[in-house]
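[1] Could you work out the structure for the sequence below:
(chains A, B, C and D)
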Number of protein chains: 4
Amino acid sequence: MHIRTMLHRAVDPSARTQGVSLFNLVICVLILMAVLVAILETEQTLVDQFLGFFRVAEWLFFVIFVIEFCLRVYVAPLNPRFSGRFGRFRYLFSFWALIDLLALLPFLLTATDATAYYLRLARLFRVLRIARLGRFTQAWRLLGGAFYTRRYELLVSALVALLLLLVSSTFLYLIEAEGQPEAFGSVPRALWWSVATLTTVGYGDVTPDTAAGQFFAGLTAVAGIGLVAMPTGILAAAFSDAFQKKTVEN
Amino acid sequence: MHIRTMLHRAVDPSARTQGVSLFNLVICVLILMAVLVAILETEQTLVDQFLGFFRVAEWLFFVIFVIEFCLRVYVAPLNPRFSGRFGRFRYLFSFWALIDLLALLPFLLTATDATAYYLRLARLFRVLRIARLGRFTQAWRLLGGAFYTRRYELLVSALVALLLLLVSSTFLYLIEAEGQPEAFGSVPRALWWSVATLTTVGYGDVTPDTAAGQFFAGLTAVAGIGLVAMPTGILAAAFSDAFQKKTVEN
Amino acid sequence: MHIRTMLHRAVDPSARTQGVSLFNLVICVLILMAVLVAILETEQTLVDQFLGFFRVAEWLFFVIFVIEFCLRVYVAPLNPRFSGRFGRFRYLFSFWALIDLLALLPFLLTATDATAYYLRLARLFRVLRIARLGRFTQAWRLLGGAFYTRRYELLVSALVALLLLLVSSTFLYLIEAEGQPEAFGSVPRALWWSVATLTTVGYGDVTPDTAAGQFFAGLTAVAGIGLVAMPTGILAAAFSDAFQKKTVEN
Amino acid sequence: MHIRTMLHRAVDPSARTQGVSLFNLVICVLILMAVLVAILETEQTLVDQFLGFFRVAEWLFFVIFVIEFCLRVYVAPLNPRFSGRFGRFRYLFSFWALIDLLALLPFLLTATDATAYYLRLARLFRVLRIARLGRFTQAWRLLGGAFYTRRYELLVSALVALLLLLVSSTFLYLIEAEGQPEAFGSVPRALWWSVATLTTVGYGDVTPDTAAGQFFAGLTAVAGIGLVAMPTGILAAAFSDAFQKKTVEN
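    As a prediction, the model looks like this:
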């Protein structure tokens, strides 16, 4: 029983009020490495060269993460949230346990299986696990709280963005459809240009030719600054509030 | 009379202090769907394939929105703003009723009519209706108030932006006109490059060739950061003020 | 003398505590129109078509702005800053009077004169005159004050930007010089790519080819976000301070 | 001894509570000039033309910076941090002295030496020296303190950015790999497009072709706005806090 308590302190990030256990730090690094391997495996030229390495790495990660998962299930009842009779069962169906399970699945399926191919995506989400460690949890909650408090303001700016997107793509469609039917022949086509301009990405693969089109494109680009400025301003104000509240509490 | 009161509570968003009625939620979804259909209809390949679907959808949306409009007119007098003798009449000429009417017009005209084609734009503005629902109204007012309070500061930064735009396009015109007459042959032509650079969109369809041109283009790009930073900073400070005032009031 | 006082109230924006006189509003519109004409005149196709119009407009603007200038000189002594013996003389050498004079010069020289060509630039700066009207002066001062208070912080972030610019262009030069000598053959050449990336403009006329180059380019792009975020954050905080101080004073 | 005290006041920026000594101002300008020369030397066409000038400049800078370094070592013991027996020795191994030494090294090696070539990079970091002058030190510390206080929030937003980067490049890879194997044939390849889009740089050398690809690219571009807004908001709030604390202290 004593070992389980020690394990719990090492495995469960919520068991500590501050700092990160060595175990979780190692798991963090392993998750990042597993994600890196999963990414590199999609490059055929690397797979051809280092097939053996990738096979061994996949196996190793699988074994390690299965052991980690079993450990987490083993110590789960020591967490008040999963104590009691069906505690372990409830843990199995908690959000993070499901993410972990989903990330283990692709190892079980053969590599040629198309489902495994798509399931590998699940591994990426394990990156979020890092956000649950020690001080990160607090920062995560603070940022999330600020977002939540200002959700209506952010949605209003999203609505304004949607309207700008629709209006600018409609204008460009009306003006440029004749000259460039491939790029501006319909509103959905013009949306590709519109979203690239309003977000100030500006690929430049599609640009208006006519003077009128360039005039409206210029207006759209200027509106794009507002589109960046509004959510940034809302978030800055919300974070400022959240930081001050936390300081007052302490 | 009892039914009209119930209808009023369902139809008029200002009749509730908080929350959104099911009726308005459904109308919201329908507006977004009608906008989506209007957008997809401009794509000829889709119209050729799904002509029947689009015809039915147009008819359905027309009927629904006519009923909605009639309901709104019917319950308008229960709103203090439109009570009294000519209440319904005054409602008909209110801003939102005109937007609604304008959005209904294109259905009445035949599809081949050029006016209908342009009037369809009016439908896009109905997206703004969503901003009038429940908590959104408050967020909308808060953001608008912040904009209004800092209108002079925002206009000053717009003036600085205008000057930067003019100066940078004039410089590029003086430097690059000879080498690239098509793109930089006059200040209005150079403005296209200038607006794309200052807003940090950067299409890259037109770029300076000479070393001097690239030097001034670099300065313009750096100035562009300031152009983004100034309104963002003003808005962030204005929102911060507005949020704090609201907290103090409550 | 009575007429001069009335003229002074109409002409000198500092004679009123708030609002803008009709005279200055008209001058504002005329300045914007004169700038527009000066810009359009650089487009040869327009000059060929509307030569008469441009000649008349130039003459008209010249006459109007000369009268305006004389009026300003006439009423200058009523402003405490330019009262006394050499008041009008001192006004003639004040910053804004010189800008006005400079903007009048190109009209006097013939159009074929190369100097007139470049002096026309001076007209652009008259746009700034608008910033001296009524409430704008206050906003202008508030923004300028915020900039001045945080000048060291802004300079430090400019220094960091300079270092990032130098380091990223040096890295790209070391990596890509061999493959693309035209674009990355020296640090000054690589700077063109570097400034476009760090300011998130991203023309895309020059991009790294090799994997190592793209890796460092990615790091540069991410650093570019910091480059935008730092001055924006500093300005937002500075404006927030300035707005609050002003509220406390009132 | 009197001369050494005077020298110390001129050489060591921490010897003054405010302002910058003439000596350090000159050194600042010389550092910027040396960096400029080091940059221009990489351009072969300039070296061919002005070989003599570059050789003289290199020699001059070497002599000046050696004298400066010796002076700094000579007066180091007057700084409390480097007083006592091995003070000068400890100064030699301090961070800034090592940077200075590293920046001197490339002059000693012959120009054809490959190591000298890379060591020249060290000179760039001397630009940071400017940040240690007078009021800059304070601004530097204030900004650094704000970064440090919000390090967890900034790391969380970096984590979210990493996840967005991985998810968007995986989606684009799944959708576009077939059509454009060169640009989207693997997740690492798609990362190049992904980082350019999420940072809103948008080179446009690689863009999705298919409708599904463009849809996800649009979502990525919109997410990119959030990626810019989050750190900006955090920094703005952090700077606002730091400025206010400093005001309270004074």
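[2] Quick one: the helices in chain A, in order.
    For chain A, the helices defined by DSSP state H cover A:2-11, A:22-40, A:44-49, A:51-75, A:87-92, A:95-108, A:114-119, A:121-125, A:134-149, A:151-176, A:181-184, A:187-198, A:211-249.
[3] Single out the most deeply packed of those.
    Among these, the stretch with the highest mean neighbour count (mean count of other C-beta atoms under 10 Å in any protein chain shown) is helix A:187-198, at a mean of 26. Heads up, the C-betas are built off the backbone N, CA and C, glycines and all.
[4] For that helix, name the packing helices and strands.
    Here helix A:187-198 touches helix A:151-176, helix A:181-184, helix A:211-249, helix B:22-40, helix D:211-249, going by 3 or more C-beta pairs under 8 Å, 6 or more residues apart in numbering or on different chains; DSSP states H and E.
[5] Could you chop chain A up by domain?
    In the assignment given by automatic domain parsing, the structural domains of chain A cover A:2-132, A:148-249.
[6] so how far is the first one off the chain centroid?
    This means domain A:2-132. Its chain's C-alpha centre and that of domain A:2-132 lie 17 Å apart, by C-alpha atoms, centre = their mean, to the nearest Å.
[7] Just the mean pLDDT for that domain, thanks.
    In this model, domain A:2-132 has an average pLDDT of 80.
[8] Quick check: A:Glu58 vs chain D, distance?
    Using C-beta to the nearest C-beta, to the nearest Å, we find A:Glu58 at a distance of 16 Å from chain D.
[9] meant to ask about A:Tyr91
    24 Å.
[10] Enumerate the residues of chain A near chain C.
    Within chain A, the residues that sit near chain C (C-beta under 8 Å from any C-beta of the partner chain) are A:Thr200, A:Val201, A:Gly202, A:Tyr203, A:Gly204, A:Thr232, A:Gly233, A:Ala236, A:Ser240.
[11] Now A:Thr199: closest residue in space, sequence neighbours ignored.
    Take A:Thr199 and drop its neighbours on the chain: the residue closest to it by C-beta to C-beta, 6 or more residues apart in numbering or on different chains is D:Ala221, 4.1 Å away.
[12] Now for that neighbour: which residues touch it?
    By C-beta atoms under 8 Å, 6 or more residues apart in numbering or on different chains, the residues touching D:Ala221 are A:Val195, A:Ala196, A:Thr199, A:Val201, D:Thr197, D:Thr200, D:Gly202.
[13] which residues touch the fourth one?
    Pointing back at A:Val201 there. Applying C-beta under 8 Å, 6+ apart, the residues contacting A:Val201 are A:Val195, B:Val201, C:Gly202, D:Thr197, D:Thr200, D:Val201, D:Gly202, D:Ala221, D:Gly224.
[14] Could you dump the residues you listed into TSV and include pLDDT?
    Formatted as TSV, the contacts of A:Val201 follow (pLDDT from 0 to 100):
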residue	pLDDT
A:Val195	95
B:Val201	92
C:Gly202	90
D:Thr197	94
D:Thr200	92
D:Val201	92
D:Gly202	90
D:Ala221	94
D:Gly224	91
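[15] The nearest residue to A:Ser186 once chain neighbours are set aside - how many residues pack around it?
    Leaving aside its sequence neighbours, A:Ser186 sits nearest to B:Glu43 (C-beta to C-beta, 6+ apart; 3.7 Å). B:Glu43 has 16 neighbouring residues, counting by other C-beta atoms under 10 Å in any protein chain shown.
[16] mind checking how far the spatially most central residue of chain A is from chain C?
    Residue closest to the average C-alpha location in chain A (C-alpha atoms, centre = their mean): A:Phe125, at 6.7 Å. A:Phe125 sits at a distance of 21 Å from chain C (criterion: C-beta to the nearest C-beta).
[17] How about the contacts made by that residue?
    By C-beta under 8 Å, 6+ apart, the contact set of A:Phe125 is A:Ile99, A:Leu102, A:Ala103, D:Leu163.
[18] Try it again at 7 Å.
    Counting by C-beta atoms under 7 Å, 6 or more residues apart in numbering or on different chains, A:Phe125 touches A:Ile99.
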